[in-house]
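>>> Test case, fold it:
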Amino acid sequence: MDRSAEFVPTLYVPSRWRELPRTVYYRWGLMATLHAVGVEGTVSLARWGGNFVWEHSPVLRDSILKTMGQAFGETHDDEQVRALAKTYMRDMWLHLVETEFVHRRMNAGTWSRYVRCVGLEPLIETVGRGGGVVGAAAYLGNHQVGMTALGLMLSGRVAGIVSPCQYSTQYRWMAGLVRRRLARLHPIGDAVGPALGALREGRLVLLISEHLSSGKSGMAVEFLGRTRRFHPTGAMLSWRTRCPMAVITCRRLDEPFHFELRLHDWIVPPLSGDRREWIHTTTRRVLATLDAAIRSDFAQYPWTHEHLIAGRARQ
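Below you'll find the predicted structure:
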């Protein structure tokens with residue numbers, strides 16, 4: 001039985017009244033703006049909104065300054081960190097507009113107009129001949145665009161480990177992936193078995209690598225200036241199936257709604273050796289590669305406090 005048929009994205013309902021304005025924006029404000037002024041106009045308004053929040057939301061601004069300071073404090077002074085944070089906040093809502101754009105415009109005949117591929121040949125060749133690949137990604141740029149493009153490029157031979165609870169923009173995107181058969185989606189917490197099966201079927205299994213772990217299975221790794229515990233899920237899947245790992249990012253380019261899908265590292269597991277050591281070494285290698293990619297495109301990474309506890313339950 002295809003377990004992806006059981007997956008139903010769940011529209012996030014705010015549990016606290018203080019979250020209601022943000023949910024109203026996600027659910028109605030973005031769609032109304034898209035209909036009124038179009039996609040390009042919505043980009044301009046999203047950036048205006050980011051600048052407005054920078055000027056008028058000191059709590060959020062200070063939280064972002066703190067987390068970015070921890071990541072860049074050794075290489076940038078306070079004024080430089082402040083400039084980085086302001087640039088980030090200006091563009092912090094672009095991924096919502098981009099995800100709506102993907103849902104509306106990207107299909108088998110158009111995706112290559114918007115997405116430039118760099119170094120993906122090993123991944124395409126491996127999946128093309130029926131081999132599985134573990135795709136390790138991050139919340140850099142727009143991973144929704146990347147996953148959609150890969151689903152179209154690989155004729156749906158993609159699976160994803162995702163959170164089933166989404167705001168309306170992400171909800172429509174995930175529901176569209178399932179409806180268009182571009183990917184199988186497996187919820188976090190019950191994904192290892194289906195992911196192993198998908199790899200053995202010769203699919204690309206995509207997962208976000210910087211989800212934090214609060215349990216004993218987590219590994220202590222320095223990432224973006226802080227030492228935290230991360231799930232070694234990707235390396236574990238690669239070791240168990242002997243499928244290679246592809247470290248992938250999808251960042252936006254200067255031209256609106258144009259992106260670069262890049263393979264940064266290709267890791268082939270050995271046929272034998274120390275399992276624990278390889279999983280730990282590979283997890284650190286993946287996170288170090290993503291750390292470097294994020295530092296080169298700092299404004300395209302979500303620095304909000306909620307993101308930095310990605311993978312944990314909402315408090």
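>>> centroid residue for this structure?
residue 139 (3.4 Å; C-alpha atoms, centre = their mean).
>>> Work out for me the element residue 186 sits within.
Taking DSSP states H and E as the definition, one finds residue 186 inside strand 184-187.
>>> What are the contacting residues of the helix or strand just after that strand?
Using DSSP H and E, the helix or strand that follows strand 184-187 in sequence is helix 192-200. The contact list for helix 192-200 (C-beta atoms under 8 Å, 6 or more residues apart in numbering) reads 3-4, 132-134, 159, 161, 184, 186, 205, 207, 233, 236-237, 240-241, 243. Glycine gets a C-beta too; all of them are placed from N, C-alpha and C.
>>> again, only using 7 Å
3, 132, 134, 159, 161, 184, 186, 205, 237, 240, 241, 243 (C-beta atoms under 7 Å, 6 or more residues apart in numbering).
>>> Out of those residues, which is nearest to residue 290?
Taking C-beta to C-beta as the measure, residue 290 lies nearest residue 134 of those, at 13.9 Å.
>>> Next, count neighbours for that closest one.
27 (other C-beta atoms under 10 Å).
>>> Could you give me the buried positions within the helix or strand containing residue 48?
If you go by DSSP H and E, residue 48 is part of helix 30-56. Neighbour-count burial for helix 30-56, counted by 16 or more other C-beta atoms under 10 Å, picks out 30, 33-34, 39, 42-43, 45-47, 49-50, 53-54.
>>> Rounded mean pLDDT for that helix, please.
Here helix 30-56 scores 81 as its mean pLDDT.
>>> any idea how far residue 279 is from the closest residue to residue 107 other than its chain neighbours?
Using C-beta to C-beta, 6 or more residues apart in numbering and skipping the chain neighbours, the partner closest in space to residue 107 is residue 152 (7.0 Å). With the distance defined as C-beta to C-beta, to the nearest Å, residue 152 ends up 32 Å from residue 279.
>>> Tell me where the stretch 51-200 of the chain has strands.
Remark: strands assigned in the stretch 51-200 of the chain by DSSP state E, counting those that start in this stretch are 115-118, 133-137, 158-162, 165-166, 184-187.
>>> Mind putting the ones you listed into JSON lines with mean pLDDT?
What follows is these, written out as JSON lines (pLDDT from 0 to 100):
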{"stretch": "strand 115-118", "mean pLDDT": "96"}
{"stretch": "strand 133-137", "mean pLDDT": "97"}
{"stretch": "strand 158-162", "mean pLDDT": "93"}
{"stretch": "strand 165-166", "mean pLDDT": "72"}
{"stretch": "strand 184-187", "mean pLDDT": "90"}
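>>> for the chain, what are the low-confidence residue spans?
Along the chain, the parts satisfying pLDDT under 70 run over 1-6, 11-31, 34-35, 214-215, 305-315.
>>> Now for the contacts of helix 192-200, which sits with the most neighbours around it?
residue 205 (30 neighbours).
>>> Against which helices or strands is the helix or strand hosting it packed?
Using DSSP H and E, residue 205 falls within strand 204-208. Contacts defined by 3 or more C-beta pairs under 7 Å, 6 or more residues apart in numbering; DSSP states H and E place strand 204-208 against strand 133-137, strand 158-162, helix 192-200, helix 233-241.
>>> Distance to residue 286 for those - can I get that in a markdown table?
Below are the helices and strands packed on strand 204-208 laid out as a markdown table (distance: least, C-beta to C-beta, whole Å):
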| stretch | distance to residue 286 |
| --- | --- |
| strand 133-137 | 5 |
| strand 158-162 | 15 |
| helix 192-200 | 16 |
| helix 233-241 | 6 |
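>>> And these: which comes nearest residue 109?
Per C-beta to C-beta, nearest to residue 109 of those: strand 158-162, 18.4 Å.
>>> about what we covered before: next, the buried residues of the strand holding residue 205.
Across strand 204-208, burial judged by 16+ other C-beta under 10 Å covers 204, 205, 206, 207, 208.
>>> immediately after it, which helix or strand?
For strand 204-208, the succeeding helix or strand toward the C-terminus, using DSSP H and E, is strand 219-223.
>>> Centre of the chain to that following strand, how far?
On the basis of C-alpha atoms, centre = their mean, to the nearest Å, strand 219-223 is displaced by 19 Å from the centre of the chain it belongs to.
>>> Extract the C-alpha set from it and format it as PDB.
The C-alpha trace of strand 219-223 is given here as PDB (Å, rounded to 0.1, in the frame of the first residue of the first chain):
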ATOM      1  CA  MET A 219      24.400  14.700  18.100                       C
ATOM      2  CA  ALA A 220      26.200  17.700  19.500                       C
ATOM      3  CA  VAL A 221      27.400  19.800  16.500                       C
ATOM      4  CA  GLU A 222      28.500  23.400  16.100                       C
ATOM      5  CA  PHE A 223      26.200  25.100  13.600                       C
END
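>>> elements contacting the next helix or strand after it?
Next helix or strand after strand 219-223 toward the C-terminus (DSSP H and E): strand 226-230. Applying 3+ C-beta pairs under 7 Å, 6+ apart, one finds that strand 226-230 contacts strand 219-223.
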